[in-house]
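Asks: Attaching a predicted model along with its sequence, questions to come.
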Amino acid sequence: MTAIRTGLGWDNHRIAEGRPLILGGIHVPCEFGLDGHSDADILLHALTDALLGALALGDIGMHFPDTDPQWKGASSDRFLAHAAALARERGWTISNVDTTVILQRPKLKEFREPIRANVARLLEMELDQVSVKFKTAEKVGPVGEGKSAEAQAIATLIR
Ligand code: C5P
Ligand code: MG
């Protein structure tokens, strides 16, 4: 019998002038980026938490404490790879992932395919198993006012 697990992830970072904007491991040219201890890649952080959630193995901060200097400026690839390895070790295959980035601007549409391709590469999945969506916040609330950005992710594992 096939076992199925799902996990949910969410992340939120402040917008900061002069910081890089990195989403799904892809650098988006912009005059602002996201503040954070690591590279502040909200999409990969949400996705990492979705995988850890499906495995019931806590959250990203438990595996990579932001008080630990070894993770300062760390590429979030490593967080995601760690969560994917934990899934593999336990015999799980990632069936699909779906993500949403909520950012008022810039427009991200043209980065959808590079981000999908990079996430698929990092998770060793096919392109049609990786969904990336974008939303504004309709200029309302901290995201809408350009103070922060959010990402949501869901992952389904099968065994
Ligand atoms: O938030 P809203 O529904 O107005 O977004 C409309 C479309 O604009 C989205 O479906 C998405 O394709 C695109 N979008 C984008 N970059 C953003 C926000 C939204 O490309 N930062
Ligand atoms: Mg984060």
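Replies: Great, that's in hand. Ligands and ions are numbered 1, 2, ... in the order given.
Asks: quick one: average pLDDT of stretch 148-159?
Replies: Stretch 148-159 shows a mean pLDDT of 98 in the predicted model.
Asks: One more: stretch 27-44?
Replies: 95.
Asks: And for stretch 95-108?
Replies: In the prediction, stretch 95-108 has an average pLDDT of 98.
Asks: do it and ligand 1 meet at all?
Replies: Yes - on the criterion CB under 6 Å from any ligand atom, stretch 95-108 is in touch with ligand 1 at 103, 105, 107, 108. C-beta coordinates here come from the backbone N, C-alpha and C atoms, glycine included.
Asks: Which neighbours in the sheet does the longest strand seen in the chain have, and how are they oriented?
Replies: For the chain, the strand that runs over the most residues, judged by DSSP state E, is strand 4-17. Sheet pairing for strand 4-17, assigned by DSSP bridges, gives strand 32-34 (antiparallel), strand 148-158 (antiparallel).
Asks: Output those in JSON lines; the columns should cover distance to ligand 2 and mean neighbour count.
Replies: As requested, these are arranged in JSON lines below (distance: least, CB to the ion, whole Å; neighbours: other CB atoms under 10 Å):
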{"stretch": "strand 32-34", "distance to ligand 2": "8", "mean neighbour count": "21"}
{"stretch": "strand 148-158", "distance to ligand 2": "8", "mean neighbour count": "22"}
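Asks: What residues sit buried inside the longest strand of the chain?
Replies: 5, 7, 9, 11, 13, 15 (16 or more other CB atoms under 10 Å).
Asks: quick revisit: just the buried ones from the residues of stretch 95-108 next to ligand 1, in PyMOL syntax?
Replies: Remark: buried members of the residues of stretch 95-108 next to ligand 1, expressed as a PyMOL selection using 16+ other CB under 10 Å:
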select buried, resi 103+108
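Asks: ok, whatever residue of the chain ends up closest to ligand 2 - contacts?
Replies: Here the chain gets closest to ligand 2 at one residue, residue 45, 3.5 Å apart by CB to the ion. Applying CB atoms under 8 Å, 6 or more residues apart in numbering to residue 45 gives the contacts 9, 11, 38, 60, 76, 79, 151.
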